[in-house]
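K.L.:
fold the stuff below for me.
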Amino acid sequence: MPHCTKCGTMVADNVGFCPGCGAPQAAGVAPAMAPAAGTQSGLSENVAGLLCYLLGWVTGLIFFLTDKRPFVRFHAAQSIVVFGGLMVIRIVLTMLFVSSGLAGFSMGLGLVWLVSVVGFVLWILLMVKAYQGERFRIPLAADLADQIFGKS
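P.N.:
All right, here's what the predicted structure looks like:
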């Protein structure tokens, strides 16, 4: 089923205007996973969504700045918030526990390890969901991404 090229809402075939945002639709609206007109990468949306997570917040930032499709921008913004946030958490935990002696250092390593495992699981999950064409939302991170980067 085709999607609106502006907001990503599903639209019926041969609809004049998007029911979600009111944007005019061409007679042949691009299917959900086909590259939208004007994209230079030539990647389908699901592959671009997956690549938003490939190198964490770095690829998220690259795709957020270069790709204007709503599906890709959603995953790019979520990637920046999730993996940027996890990196900040790891840095803060390391700084807090390195100077607190051996017991604190051991507990700090354990917490940093736990954050890293959570990050790895999220990395795999988000890449799979993006490749499947889903807008899988991490509850706090997706809301924060919407506030920072605007609704995608």
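K.L.:
output the contacting helices and strands for the longest helix seen in the chain.
P.N.:
Scanning the chain for the helix with the most residues, using DSSP state H, yields helix 101-131. Applying 3 or more C-beta pairs under 8 Å, 6 or more residues apart in numbering; DSSP states H and E, we find helix 101-131 packed against helix 45-54, helix 70-98. Just so you know, the C-beta spots here come from the backbone N, C-alpha and C atoms, and that holds for glycine as well.
K.L.:
what's the following helix or strand after that helix?
P.N.:
Next helix or strand after helix 101-131 toward the C-terminus (DSSP states H and E): helix 139-149.
K.L.:
buried ones in that following helix, by neighbour count?
P.N.:
Residues of helix 139-149 classed as buried: 141-142, 144-146, 149 (neighbour count, 16 or more other C-beta atoms under 10 Å).
K.L.:
pLDDT and distance to Gly108 added to those, as a markdown table?
P.N.:
Shown next, in a markdown table, are those (pLDDT from 0 to 100; distance: C-beta to C-beta, whole Å):
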| residue | pLDDT | distance to Gly108 |
| --- | --- | --- |
| Ala141 | 82 | 23 |
| Ala142 | 80 | 29 |
| Leu144 | 82 | 25 |
| Ala145 | 81 | 28 |
| Asp146 | 81 | 32 |
| Phe149 | 78 | 31 |
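K.L.:
related to what we said a few turns ago, quick check: which of the helices and strands packed on helix 101-131 is buried the most?
P.N.:
Among the helices and strands packed on helix 101-131, the stretch with the highest mean neighbour count (mean count of other C-beta atoms under 10 Å) is helix 45-54, at a mean of 23.
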